[in-house]
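Novice: Following is a predicted model, sequence given first.
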Amino acid sequence: MSTQRVTPVSASDVAAKLDTNKPRAEILEGPLAKSVFMLAYPSVATMLLQTTNGFLDRFFVGHLESGPAAQAAVTVSSSLLFALMAAGMAISVGTTALVARAIGEGDRESAVKAAEQSLMLSLILSVLIAVPMWLFRTQILTAFGLQPEAQGLAGNYLGVTILGLPTLFSMLAMNGAFRGMGDTVRPFYVTLGANLVHAFLNYCLIFGNFGFPALGLVGGAVALICSQAVATALYAFFIRNSDLGAMNFFPRVEWDWIKRIGKIGLPASGQQIVRVGSMMIFQILLARLGAGDAAVAALGVGLMAESIAFMPGFGYSIAASAFVGQNLGANNPKRAAAGGWAATWQAVAIMSLMGVLFWIFAENFARFFVPHLPGETVARAESVEATVALIVSYLRVAAWSEPFLALGMVITGALQGAGETISPAYITVATMLVMRVSLCYFVLTAGYGTEAAWWVMSVSTMVQGVATAYLFKRGNWQTKRV
């Protein structure tokens, strides 16, 4: 690592250049622990809204007659959507790093350029991805080995949600810009507005309330893409009253900026693809070698319940990304590193507590998402009990890995804020793809059962967290150029 001496840029200098000193002064000069917390808590609240929204989704779906089959369909469809989102997330990560560095330097023009080009790239990529995915969705879903009912439901759900990719990608790009600015408050209001629309339309369109047609699972998909459109519109409105207010929403493509975004974002995209791809392979193995649809449904519901713990992880990851990026832009790598660790340890404390709650209330979570219904068939009742048992075992195993999950999530965010995305991608390949998938195949083919597969997930998460923390501690990211 270079030992060249640098002169930190003061918050007042940056504020003067940007005509604002709202969150920036605390990021660059405020008390460390408080500054990190003040940056993180709106993001945690935003994740709380998103998680609550996801809970309502699963709750409504669980009350359909198709119950566990519908849960399995949503699990598989959501995994595919997350895989598609890898491209959008790549752009978002690049946007955050470039905007944060420019804001830290007091360079408004570069921050605007980064946001403009990211938005245009998002729109183009979303269309290029959506068209073939929509055309071949049935063939892709066949690989997951779902039962006919679940596969049919998944095809219908996925067919609708793919249509929302342009608004989803645009939303991700603008969210990345707000993260780079260190503005975590307005994304909260965007999420609040979008979630209210989503919850209302879910209630109306899934069950046919207030005169709307009862569309079942397809209604949930329609509600989702409508809420994404609302979020995109709100981001566009708020961005006009920010440091990026001068941005053009439909600029001409500038390839030098596209290359800069891609240089940072492509490794992050690869990391996301590997993470989601390994999870999809994991689901296929569960469906074909494990407990079938019940195991896939249990994994999806377990992950949804576990997303309560993800909230602080994601929130502090966002805080660490902005904190590190802006302080590197202000030539203060020492404060950048200290802020990254402060965010990490706060998240570890919270997520460790969440792990304890998962262990204690595992069955309560499971029965909330997969309830018995009055007058249900014997077959459905048996399916519910099998799924509940698997959810309980998943949550109690996952509880042990929550502190390590915090390590991996927050430090990855800090590294992304620095523009260091290649090394974390290698760690993800080693732990999520090589370790998790190969060991899962071994334990299932050897007859150790689904709970052994849960332990494989948990241990691979622990290894990833420790490896990512070691990477951050080495400090090579402090001299990264973006």
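Specialist: Happy to help now that I have it.
Novice: what ranges do the strands span in the stretch 351-482 of the chain?
Specialist: Ranges of strands in the stretch 351-482 of the chain, per DSSP state E, counting those that start in this stretch: none exist.
Novice: just the stretch 1-150 of the chain next, same as before
Specialist: According to DSSP E, counting those that start in this stretch, the stretch 1-150 of the chain contains no strands.
Novice: which residues of it fall in helices?
Specialist: 11-18, 24-29, 32-62, 67-105, 108-135, 137-142, 148-161 (DSSP state H, counting those that start in this stretch).
Novice: Out of the ones you listed, which gets nearest to A446?
Specialist: helix 67-105 (24.5 Å; C-beta to C-beta). (Each C-beta comes from the backbone N, C-alpha and C, glycine too.)
Novice: Specify the angle between the closest one and helix 148-161 in degrees.
Specialist: 30 degrees (axes from the mean of the first three to the mean of the last three C-alpha atoms, to 10 degrees).
Novice: Number the chain from 46, please
Specialist: Fine by me, first position is 46 from now on; the one you just mentioned is helix 112-150.
Novice: circling back to that earlier point, name the stretch among the helices of the stretch 46-195 of the chain that sits most buried.
Specialist: helix 112-150 (a mean of 26; mean count of other C-beta atoms under 10 Å).
Novice: Quick check: which of the helices of the stretch 46-195 of the chain is nearest to V508?
Specialist: helix 112-150 (21.6 Å).
Novice: returning to that earlier point: ok, of the helices of the stretch 46-195 of the chain, where does mean pLDDT dip lowest?
Specialist: Of all the helices of the stretch 46-195 of the chain, the segment with the smallest mean pLDDT is helix 56-63, scoring a mean of 45.
Novice: before we move on, back to that, in TSV, list the helices of the stretch 46-195 of the chain along with distance to I405.
Specialist: Formatted as TSV, the helices of the stretch 46-195 of the chain follow (distance: least, C-beta to C-beta, whole Å):
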stretch	distance to I405
helix 56-63	44
helix 69-74	36
helix 77-107	18
helix 112-150	23
helix 153-180	41
helix 182-187	36
helix 193-206	31
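Novice: right, so of those, which gets closest to A475?
Specialist: Here helix 112-150 is closest among those (C-beta to C-beta), at 18.2 Å.
Novice: so how far is that closest one off the chain centroid?
Specialist: In terms of C-alpha atoms, centre = their mean, to the nearest Å, the centre of helix 112-150 is found 5 Å from the chain centre.
Novice: contacting residues for the spatially most central residue of the chain?
Specialist: Nearest residue to the geometric centre of the chain (C-alpha atoms, centre = their mean): F359, 7.3 Å. F359 sits next to S88, V89, M92, M454 when contact means C-beta atoms under 8 Å, 6 or more residues apart in numbering.
Novice: Likewise for A426?
Specialist: H417.
Novice: Do you know the pLDDT at it?
Specialist: 86.
Novice: what's the answer for D64, then?
Specialist: 44.
Novice: now swap in N254 and tell me
Specialist: Reported pLDDT for N254: 93.
Novice: That one and N98: what is the separation?
Specialist: 18 Å (C-beta to C-beta, to the nearest Å).
Novice: What of G221?
Specialist: With C-beta to C-beta as the criterion, G221 and N98 are 20 Å apart.
Novice: what do you get for A135?
Specialist: Distance from A135 to N98, by C-beta to C-beta: 24 Å.
Novice: now do G345
Specialist: 15 Å.
Novice: which element is the residue nearest to the centre of the chain on?
Specialist: Using DSSP states H and E, F359 maps to helix 338-374.
Novice: mean confidence for that helix?
Specialist: 85.
Novice: what angle separates that helix from helix 112-150?
Specialist: Using the same axes, to 10 degrees: helix 338-374 against helix 112-150 is 0 degrees.
Novice: so how far is helix 338-374 from its chain's centroid?
Specialist: 6 Å.
Novice: orientation of it relative to helix 153-180 in degrees?
Specialist: Using the same axes, to 10 degrees, helix 338-374 lies at 160 degrees relative to helix 153-180.
Novice: Which residues belonging to helix 338-374 are considered buried?
Specialist: 338-374 (16 or more other C-beta atoms under 10 Å).
Novice: Also stretch 484-494?
Specialist: L484, C485, Y486, V488, L489.
Novice: Skipping adjacent residues, who's closest to the fourth one in space?
Specialist: Read that as V488. Nearest residue to V488 in three dimensions, chain neighbours excluded: A497, at 4.0 Å (C-beta to C-beta, 6 or more residues apart in numbering).
Novice: Got the confidence number for the one you found?
Specialist: 92.
Novice: Distance of the residue lying closest to A156 once chain neighbours are set aside relative to R305?
Specialist: Nearest residue to A156 in three dimensions, chain neighbours excluded: A147, at 4.0 Å (C-beta to C-beta, 6+ apart). Using C-beta to C-beta, we find A147 at a distance of 11 Å from R305.
Novice: Find residues that contact each of the two.
Specialist: A159.
Novice: Figure out the helix or strand that N247 lives in.
Specialist: helix 231-252.
Novice: Tell me the gap between the following helix or strand past that helix and the middle of its chain.
Specialist: Downstream of helix 231-252, the first helix or strand assigned by DSSP H and E is helix 262-284. Relative to its parent chain, helix 262-284 has a centroid offset of 17 Å by C-alpha atoms, centre = their mean.
Novice: ok, now stretch 413-423?
Specialist: 31 Å.
Novice: distance between the ends of it?
Specialist: 19 Å (C-alpha to C-alpha, to the nearest Å).
Novice: how much space between the residue located most distally from the centre of the chain and A78?
Specialist: Distance from the C-alpha centroid of the chain peaks at G420, with 37.7 Å (C-alpha atoms, centre = their mean). The gap separating G420 from A78 is 55 Å, by C-beta to C-beta.
Novice: do M324 as well
Specialist: Counting by C-beta to C-beta, the gap from M324 to A78 is 34 Å.
Novice: repeat for I207
Specialist: On the measure of C-beta to C-beta, I207 and A78 end up 43 Å apart.
Novice: Now do L279, the pLDDT please.
Specialist: 96.
Novice: and the nearest residue to it once chain neighbours are set aside, how many neighbours?
Specialist: In space, and not counting its chain neighbours, L279 is closest to V235: 4.3 Å by C-beta to C-beta, 6+ apart. Using other C-beta atoms under 10 Å as the criterion, V235 is surrounded by 24 other residues.
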